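J.: sequence and predicted model, in that order:
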Amino acid sequence: MAGILFIISAPSGSGKSTLVNELRKQVSGVDFAVSWTTRAPRGSEENGREYHFTTREEFERMIEAGLFLEYAEVFGKDLYGTPRQALDDALAAGHDLMLDIDVQGAAQVRAKMPEAVGIFVLPPNPNVLRTRLRNRSRAEGVVHEDELFRRLGQARNEIENYRQYGYILVNDVLDRAVAQLEAIVLAERFYRNGEVIAYRSRRVLEVAAACLQANSQERLKPVLEAFGIDGDSGQQKLPFGDDSDDD
């Protein structure tokens, strides 16, 4: 089969890494590009598993050598990049490739490969996202409230870009979100490559179609408005939330 490039983006803490890991347990032929970064490992992260960790000097050398499909500087300090080799290897094997990248990187990839399938993952509301971020920080052994606040603000800015993605997932119930992501992959294989869906094909196509951005507006509106984004225009409206009930 011809490989399909999937781009999955989400605010930090939305659970997209968990979704991708669960998807790959259930669907064969999906490769995952391990990104490079200049930030230090966190908690139990291992080099080559979550990320390839390197120095800024080495990262910049790789940029000059044209080794990245995309790269970006995040929060004004850390560099992240997707190795071009991951795409070459997946295509050679006839596999799909899933890129877990932010909205900056996704825009770069779409400019080079407009046929890529974009999937944006949303947390259900700011309070859930705040809790997930705080729990992850605690698991890593440190909680910085200023960092938490910055990531929440960045989340709203990233969510404004949801219209650039063909599919939208709301990760409120993990099993359901995984099933939706699986349906998207199988449906795209069916439409692009004519690959047969062996089990409950009509239901799979229906689930995928329901996740199309064009079919998601009513479901998305309360989520967007919870983040202070106008559910009709997609633009910021009011500051969202406070921490009064989240201690």
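T.: Okay, I see it.

J.: strands along the chain, start to end?
T.: Secondary structure of the chain (DSSP state E): strands located at 5-9, 30-32, 36-37, 52-53, 68-74, 78-83, 96-100, 117-122, 167-170.

J.: strands paired with the third one, and their directions?
T.: For strand 36-37, the pairing partners within the sheet under DSSP bridges are strand 52-53 (parallel), strand 78-83 (antiparallel).

J.: list the contacts of that strand.
T.: Strand 36-37 is contacted from outside by 51-54, 59, 62, 68, 78-83, using Cβ atoms under 8 Å, 6 or more residues apart in numbering. Using the backbone N, CA and C atoms, a C-beta is placed for each residue, glycine as well.

J.: over to the fourth one?
T.: When contacts are taken as Cβ under 8 Å, 6+ apart, the neighbours of strand 52-53 outside the stretch itself are 34, 35, 36, 37, 38, 39, 40, 41, 47, 83.

J.: let's see it at 7 Å
T.: The contact list for strand 52-53 (Cβ atoms under 7 Å, 6 or more residues apart in numbering) reads 34, 36, 37, 41, 47.

J.: what of the first one?
T.: By Cβ under 7 Å, 6+ apart, the residues outside strand 5-9 that reach it are 16, 20, 87, 96-103, 106, 109, 113, 116-121, 165, 185.

J.: in the sheet, who's paired with the closest residue to residue 39 other than its chain neighbours?
T.: With sequence-adjacent residues excluded and distances taken as Cβ to Cβ, 6 or more residues apart in numbering, residue 39 is closest to residue 78, at 4.1 Å. Using DSSP bridges, the bridge partners assigned to residue 78 are residue 74.

J.: list the contacts of residue 78.
T.: 37, 38, 39.

J.: got a pLDDT number for it?
T.: Residue 78 is assigned 93 on the pLDDT scale.

J.: at which residues are the helices of the chain located?
T.: Remark: helices assigned in the chain by DSSP state H are 16-26, 56-64, 84-93, 103-112, 126-139, 145-159, 174-193, 201-210, 217-226.

J.: starting at the chain centroid, how far to the fifth one?
T.: It refers to helix 126-139. In terms of Cα atoms, centre = their mean, to the nearest Å, the centre of helix 126-139 is found 17 Å from the chain centre.

J.: avg pLDDT for stretch 190-206?
T.: So the average pLDDT for stretch 190-206 ends up being 86.

J.: please disregard the earlier target; I meant stretch 169-182.
T.: 96.

J.: got the buried residues for that stretch?
T.: Within stretch 169-182, the residues that count as buried by 16 or more other Cβ atoms under 10 Å are 169, 170, 171, 177, 178, 179, 180, 181, 182.

J.: over to stretch 115-124?
T.: 116, 117, 118, 119, 120, 121, 122, 123.

J.: dump the buried residues of stretch 169-182 into TSV; add distance to residue 127 as well.
T.: Below are the buried residues of stretch 169-182 laid out as TSV (distance: Cβ to Cβ, whole Å):
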residue	distance to residue 127
169	19
170	14
171	14
177	18
178	22
179	24
180	22
181	23
182	28
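
J.: so what pLDDT did the residue nearest to residue 9 when sequence neighbours are not counted get?
T.: Spatially, and ignoring its direct neighbours in sequence, residue 9 is nearest to residue 106 (5.1 Å; Cβ to Cβ, 6+ apart). Looking at residue 106, its pLDDT reads 95.

J.: so what's residue 106 up against?
T.: Residue 106 neighbours (Cβ under 7 Å, 6+ apart): 7, 9, 118.

J.: residue 158: which of those is nearest?
T.: residue 9 (7.3 Å; Cβ to Cβ).
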